[in-house]
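S.K.: fold the following and give me the result.
(2 chains)
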Amino acid sequence: AQKVTQAQTEISVVEKEDVTLDCVYETRDTTYYLFWYKQPPSGELVFLIRRNSFDEQNEISGRYSWNFQKSTSSFNFTITASQVVDSAVYFCALSEADTDKLIFGTGTRLQVFP
Amino acid sequence: DGGITQSPKYLFRKEGQNVTLSCEQNLNHDAMYWYRQDPGQGLRLIYYSQIVNDFQKGDIAEGYSVSREKKESFPLTVTSAQKNPTAFYLCASSMWQGAFGYTFGSGTRLTVV
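M.R.: Next comes the predicted model:
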């Protein structure tokens, strides 16, 4: 069965610290997709990244980076030099190739203090 | 601009009333979804629809109903049978299954008074 685990319920950091949000997933499929979404206080979920199961290359986008490791079934998200605007709830999600649904983790609330 | 519009942003319901939450998309997406989010919790799937005039129950469909008469629209009715309807409701759409991820609306916050 599909499952996404975000063990960190809440993380607090001071501005400019680096922070890593963990995501561990379970799936029986060899073809699947992983996602990260950001939910700011306004409520709307904002897409951050999509990664398919055949592409284990790490990705960097500005201060954001993602580390995909199939060996440990993890898809961790790192924010470098965090800013107050990064404060939000972050969700990791999984979709298998032949299903209609995204399975979401329970989310990690990140608070960045000035 | 393409996107998903949810209305209203805030909704208040008296106990025993049915209320309908609107969700419209102009992305030409085939699939649409409704999620419920409670404070401090993740997203739980209520209903989803892959094509017009067809929809499936999600994990917490009891007390809710939907329709999909047009590709662009997927309204959610919260019925009086839903015992604890106060929550944040998010609508989403996707191009094809879940492989490309979802685009989300800005949500409707429903409160029972």
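S.K.: residue contacts, the closest residue in space to residue B:74 that isn't next to it in sequence?
M.R.: Spatial nearest neighbour of residue B:74, excluding adjacent residues (C-beta to C-beta, 6 or more residues apart in numbering or on different chains): residue B:32 at 3.9 Å. C-beta: built from backbone N, CA, C; applies to glycine. Neighbour list for residue B:32: B:23, B:25, B:48, B:49, B:68, B:74, B:91, B:92, B:93 [criterion: C-beta atoms under 8 Å, 6 or more residues apart in numbering or on different chains].
S.K.: next step: the residues you listed restricted to strands.
M.R.: B:23, B:25, B:48, B:49, B:91, B:92, B:93 (DSSP state E).
S.K.: from these, which are also near chain A?
M.R.: Of the residues in these, proximity to chain A by C-beta under 8 Å from any C-beta of the partner chain holds for B:48, B:92.
S.K.: could you identify the most distant pair in the ones in strands among the contacts of residue B:32?
M.R.: B:25 and B:48 (13.3 Å; C-beta to C-beta).
S.K.: the two: which has the busier surroundings?
M.R.: Ranked by neighbour count (other C-beta atoms under 10 Å in any protein chain shown), residue B:25 and residue B:48 place residue B:48 first, with 26 against 22.
S.K.: next, the nearest residue to that one once chain neighbours are set aside: phi, psi?
M.R.: Excluding the flanking residues, the one nearest residue B:48 by C-beta to C-beta, 6+ apart is residue B:33, at 4.4 Å. Dihedral angles of residue B:33 (phi, psi; degrees, to the nearest 10) stand at phi -140, psi 150.
S.K.: residues in contact with residue B:68?
M.R.: With C-beta under 8 Å, 6+ apart, residue B:68 has these contacts: B:32, B:49, B:51, B:52, B:53, B:54, B:55, B:74.
S.K.: change it to 10 Å
M.R.: Residue B:68 makes contact with B:31-32, B:47-55, B:74-75 under the criterion C-beta atoms under 10 Å, 6 or more residues apart in numbering or on different chains.
S.K.: for the residues you listed, which PyMOL command selects only the ones that are buried?
M.R.: The PyMOL selection below is limited to those of these classed as buried (16 or more other C-beta atoms under 10 Å in any protein chain shown):
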select buried, chain B and resi 31+32+47+48+49+50+55+74+75
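S.K.: reformat the contacts of residue B:68 as a markdown table; add pLDDT.
M.R.: A markdown table is the format used below for the contacts of residue B:68 (pLDDT from 0 to 100):
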| residue | pLDDT |
| --- | --- |
| B:31 | 92 |
| B:32 | 94 |
| B:47 | 96 |
| B:48 | 93 |
| B:49 | 94 |
| B:50 | 90 |
| B:51 | 91 |
| B:52 | 94 |
| B:53 | 95 |
| B:54 | 94 |
| B:55 | 95 |
| B:74 | 98 |
| B:75 | 98 |
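S.K.: can you find the helix or strand in chain A with the smallest mean pLDDT?
M.R.: Least confident helix or strand, chain A: strand A:59-61 with a mean of 86, by mean pLDDT, DSSP states H and E.
S.K.: no further queries at this time; thank you.
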